[in-house]
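Student: Coordinates for the following, if possible.
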Amino acid sequence: MLFDTHVHLNARQFKEDVEEVIARAHNKGVKQMVVVGFDNETIPLAIDIAEKHANIYAAVGWHPVDAIDYKEEHLSMLEKLSDHEKVVALGEMGLDYHWDTSPKDVQENVFRKQIQLARRVNMPIIIHNREATSDVIHILQEENAKDIGGIMHCFSGNITEMEACLEMNFYISLGGPVTFKNAKEVKEVAKVIPIDRLLIETDAPYLAPHPYRGKRNEPAFVTLVAEQIATLREMKYEELCHITTENAKKVFRINN
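Tutor: Have a look, this model is predicted:
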């Protein structure tokens, strides 16, 4: 059994066939997923999908790319939704220095407010980080994110950066890029992540693994991520599936 810890079934790319996508995932053994909502459009859809499916959960947050559109009422909305029975984390939140849509100081402000909210409601957080690793780690340290922990989504840092995240009580989640031939650094990280802190994800419809790179990703493809990591770690695929599923249930506080 597999747990895709980060998927966007609420994305427009799945508008026409989301139920078929979920069925294909189940047929591949992907029994549990977390659908991530990150703006006014995707948050209600994440909740809706989670409510319709017993083993699908939601995470809600405000994406750094959209930080420029953030208003105080959004934080109130996130706080209210944090009490929803199917919401298991806050996020994705963080910093994105690749897309020049929101000023860095605005991103930081929205990031810090969400960490503070997560501490108030005692929920794990899901971190989006693109080309901003040192600043992300610095902010997490300053805001005492260690108290709640969470997930470094689609981790792309090096071993030293991984260790800094582990020290703050974070799990390391790997996705499609670990299957790319030129992704040497993330493959090295995959080999040494403490097994009790390893998670897997697709980030579907984005970042499809090899051999689907460049095409629409979907949660069924998390099997390819698991296979690659099992090979890199020289362990049985079934064992990796079991351990990463148990890790996901632990960080999200899911008992079934």
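Student: Keeping just the C-alphas, turn stretch 139-148 into PDB.
Tutor: Extracted in PDB, the C-alpha atoms of stretch 139-148 (Å, rounded to 0.1, in the frame of the first residue of the first chain):
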ATOM      1  CA  ILE A 139      12.600  31.300   8.800                       C
ATOM      2  CA  LEU A 140      11.600  27.900  10.100                       C
ATOM      3  CA  GLN A 141      14.300  28.100  12.800                       C
ATOM      4  CA  GLU A 142      13.300  31.700  13.800                       C
ATOM      5  CA  GLU A 143       9.600  30.700  14.000                       C
ATOM      6  CA  ASN A 144      10.300  27.600  16.100                       C
ATOM      7  CA  ALA A 145       8.700  25.400  13.500                       C
ATOM      8  CA  LYS A 146      10.400  22.500  15.200                       C
ATOM      9  CA  ASP A 147       7.600  22.500  17.700                       C
ATOM     10  CA  ILE A 148       5.100  21.300  15.000                       C
END
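Student: So which bits of that stretch are buried?
Tutor: Buried residues in stretch 139-148, defined by neighbour count with 16 or more other Cβ atoms under 10 Å: I139, L140, E143, A145, I148. Where C-beta positions appear, they are placed from N, C-alpha and C, glycine not excepted.
Student: Can you name the residues that contact M152?
Tutor: If a contact means Cβ atoms under 8 Å, 6 or more residues apart in numbering, then M152 has I127, N129, M162, C165, F170, Y171, I172, S173 as its contacts.
Student: Filter the buried residues of stretch 139-148 down to just the ones in helices.
Tutor: Counting by DSSP state H, those place I139, L140 in helices.
Student: before we move on, back to that, between the contacts of M152, which sits nearest G29?
Tutor: Set against G29, the nearest of the contacts of M152 by Cβ to Cβ is S173 (18.2 Å).
Student: Give me the neighbour count for the closest one.
Tutor: 28 (other Cβ atoms under 10 Å).
Student: who's in contact with the nearest residue to it once chain neighbours are set aside?
Tutor: The shortest distance from S173 to any non-neighbouring residue, by Cβ to Cβ, 6 or more residues apart in numbering, is to L199 (3.9 Å). If a contact means Cβ under 8 Å, 6+ apart, then L199 has F3, T5, I151, Y171, I172, S173, L174, T244, N247, A248, V251 as its contacts.
Student: re the thing from before, in the contacts of M152, find the pair that's most separated.
Tutor: N129 and Y171 (13.9 Å).
Student: need the buried residues of stretch 139-148 in TSV with pLDDT, can you?
Tutor: Below are the buried residues of stretch 139-148 laid out as TSV (pLDDT from 0 to 100):
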residue	pLDDT
I139	98
L140	98
E143	98
A145	98
I148	98
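Student: per-residue confidence for the residue nearest to H63 when sequence neighbours are not counted?
Tutor: Nearest non-adjacent residue to H63, counting by Cβ to Cβ, 6+ apart: F38, 3.8 Å away. Looking at F38, its pLDDT is 97.
Student: Touching, F38 and G61? I think so.
Tutor: Yes - between F38 and G61 there is a contact at 5.6 Å, judged by Cβ atoms under 8 Å.
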